[in-house]
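here is the input, now give the coordinates:
(one chain, ligands or ions: 1)
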Amino acid sequence: MHTLIPAPLSFRSESGQFRLSAETSLCAPDDLRPLAERLAASLRAAAGLPLPLREKTTGAICLALTEDDSALGDEGYRLEVRPETVKLTAARPAGLFYGIQTLRQLLPPDPRSVPPAIDACTLLDVPRFPWRGAMLDVARHFFPVEAVKRLIDQMAFYKFNILHLHLTDDQGWRLEIKSWPKLAEVGGSSATRGDPGGYYTQEEYAEIVRYAAERFITIVPEIDMPSHTQAAIAACPELKGISKYSGLYTGTEVGFCTLNIHEEITYRFIEDVFGELAALTPGPYLHIGGDEAHSTPEADYQNFIARAQQIVRQTGKQIIAWEEAAKGQLLPDTIAQYWWQADLARRAAASGNRLIMSPATQVYLDIKYNASTPLGQDWTQKYIEVQDAYDWDPAAALEGVDAALILGVEAPLWTETIATPQEADFMYFPRLCAVAEVGWTPQEGRAWEDFRRRLAAHGPRLEALGINYYRSPQIPW
Ligand code: NGO
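Residues are numbered from 1 along each chain as shown. The predicted model follows:
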């Protein structure tokens, strides 16, 4: 029985083992060698072996791209582990990358303690959803580039392909905008509880995007509007934003401020900010927020969402917004992100807009595991243990919504109470492992009892990766 997370589409045990040694090599056709070299690094680390790239195929792990295997799609792969050789094939590089992650998980957690070997097996593996995401709120607390890269590595190991960065909020503005320098200089200086602020220069942001892309993860940047904008309003008084508070904000209330819907400068601001953001972001999506605009009159909110979409759509990017945006008219290709108000998510679906599923009762990873979790929040009045994050179906969670409109799943980590990578680890893991499987594995291929067993085997893997995970009593570690 394998212990892979996420569980593959199909897996068959075969007889024998592929034993790795200092003689084991990698092989790939000439045109694939640069990619193979890049993919090799993590496999070398997992095996604790040099795994040089060579011509020979016996005793080797061989990578190949095939054009005529339509079952594989953009992200699927086939893996055949036999005593003499390992064959990994995919239709696209992403599939090879995921096959490598599977190989890493088939190796022992610590290859130094045992001679590394992989039990022979045959896999065909294709993800259920194209959207398998996590979100990090870097606005309530700032997380430096190194911390984001570390999260990207953790996500890659579990076959995630989207990292949504919540870049702005009341407590901080985290991205340099050259046409509005005060946003980052002033708006970036604060954080929740008066903790240290910070922001990414455009070069640093581009570095995160590049690092993620090398791991087949798309960065989805969010600039939250028209509420959740206190940092911008405080940094740029010329915006004439409207707020209950003046100056920088370090509390945790929501919905107390709004961009000024009736001032033209607001729309120049949006054009400038999203223009720079689009130029820095090779991925196809920009997130415009839209949540909890409690200080924006309803009609103004609707006008704002309509106009903001027009402006942002000019960048050529596809728009994502929280479910509240469905109170107004969504562009046909705007994607709504469901988090709390099912009626609004249904409204988006009724007009044919696609949905990302982030239900706060299942995958808000800032919600506590139980009453004694030292970090996190409990406003949902329902704790999220590992089983809660695992035992649900994104395609069935919103009754009456056509399953074809469900793009996938995304687990947000809001950071009002979370300030360090170690604290983030504790809230993400092991629930992020559960979300990985929700996004990747077909519903009929998933079962909690089997997942518990496999997750227990990941304890030593999470430790080897240096992840400070929550030892949930639900898991037989
Ligand atoms: C809500 C709110 C966020 C909070 C989060 C805390 C959304 C989309 N808006 O989710 O500002 O940080 O809850 O769980």
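
for Pro93, give me the pLDDT.
On the pLDDT scale, Pro93 is placed at 96.

hmm, I was thinking of Asp31
pLDDT at Asp31 comes out at 92.

next one: the one 4 residues further on
The pLDDT attached to Leu35 in the predicted structure is 92.

and it, how many neighbours?
Around Leu35 there are 15 other residues, counting by other CB atoms under 10 Å. (Glycine included, C-beta is placed from N, CA and C.)

residues contacting Gly197?
Gly197 sits next to 142, 172, 188-191 when contact means CB atoms under 8 Å, 6 or more residues apart in numbering.

brain fart, Asp125
Contacts of Asp125 (CB under 8 Å, 6+ apart): 8-10, 76-79, 98-99, 102.

coming back round to it: make a markdown table out of the contacts of Gly197 and add secondary structure and distance to the ligand.
As requested, the contacts of Gly197 are exported to a markdown table (DSSP: H, G, I helix; E, B strand; the rest coil; distance: CB to the nearest ligand atom, whole Å):
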| residue | secondary structure | distance to the ligand |
| --- | --- | --- |
| Phe142 | coil | 15 |
| Gly172 | strand | 13 |
| Gly188 | coil | 18 |
| Ser189 | coil | 20 |
| Ser190 | coil | 16 |
| Ala191 | coil | 13 |
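
can you select the buried ones from the contacts of Asp125 in ChimeraX?
Here is the ChimeraX command that selects the buried residues among these (16 or more other CB atoms under 10 Å):
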select :8,9,76,77,78,79,98,99,102
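
just the ones of the contacts of Asp125 in strands?
10, 77-79 (DSSP state E).

biggest separation within the residues you listed, which pair?
Ser10 and Tyr77 (11.8 Å; CB to CB).

what sits in contact with each of those two?
With CB under 8 Å, 6+ apart as the test, Ser10 and Tyr77 both reach 123, 125.

show me what from the protein comes close to the ligand.
254, 291-292, 322, 339, 364, 366, 377, 414, 416 (CB under 6 Å from any ligand atom).

give me the contacts around stretch 372-384.
Applying CB under 8 Å, 6+ apart, the set of residues contacting stretch 372-384 is 360-371, 388, 414, 416-418, 423, 426-427, 431, 470.

one more pass at 10 Å, please.
Residues outside stretch 372-384 that contact it (CB atoms under 10 Å, 6 or more residues apart in numbering) are 252, 340, 359-371, 385, 388, 411, 413-419, 423-424, 426-427, 431, 434, 470.

so which of those belong to strands?
Those of the contacts of stretch 372-384 lying in strands (DSSP E): 411, 413.

quick check on the contacts of stretch 372-384: which are buried?
340, 359-369, 385, 388, 411, 413-419, 423-424, 426-427, 431, 434, 470.

the closest residue to the ligand within the stretch 251-400 of the chain and Val386, how far apart?
Nearest residue of the stretch 251-400 of the chain to the ligand: Asp291, at 4.0 Å (CB to the nearest ligand atom). Relative to Val386, Asp291 is positioned 26 Å away (CB to CB, to the nearest Å).

swap in Lys56?
When Lys56 is compared with Val386 (using CB to CB), they lie 44 Å apart.

neighbour count: the two, which is higher?
Shown here are Lys56 and Val386; by other CB under 10 Å, Val386 has more neighbours (22 against 10).

count of neighbours near the closest residue to the more buried one other than its chain neighbours?
Computed as CB to CB, 6 or more residues apart in numbering, the closest residue to Val386 that is not its neighbour in sequence is Ser472, at 4.7 Å. Residues near Ser472, counting by other CB under 10 Å, number 18.

hmm, Ser472 is touching Gln387, no?
Yes. Judged on CB atoms under 10 Å, Ser472 makes contact with Gln387 at a distance of 8.6 Å.

can you pull out the helices in the stretch 201-350 of the chain?
202-214, 230-235, 264-280, 298-313, 342-350 (DSSP state H, counting those that start in this stretch).

most neighbours per residue, which of those?
Among the helices of the stretch 201-350 of the chain, helix 230-235 has the highest mean neighbour count (mean count of other CB atoms under 10 Å), at a mean of 26.

the closest residue to the ligand within the chain and Val254, how far apart?
For the chain and the ligand, the shortest gap (CB to the nearest ligand atom) falls at Trp414, measuring 3.5 Å. Per CB to CB, Trp414 is found 10 Å from Val254.
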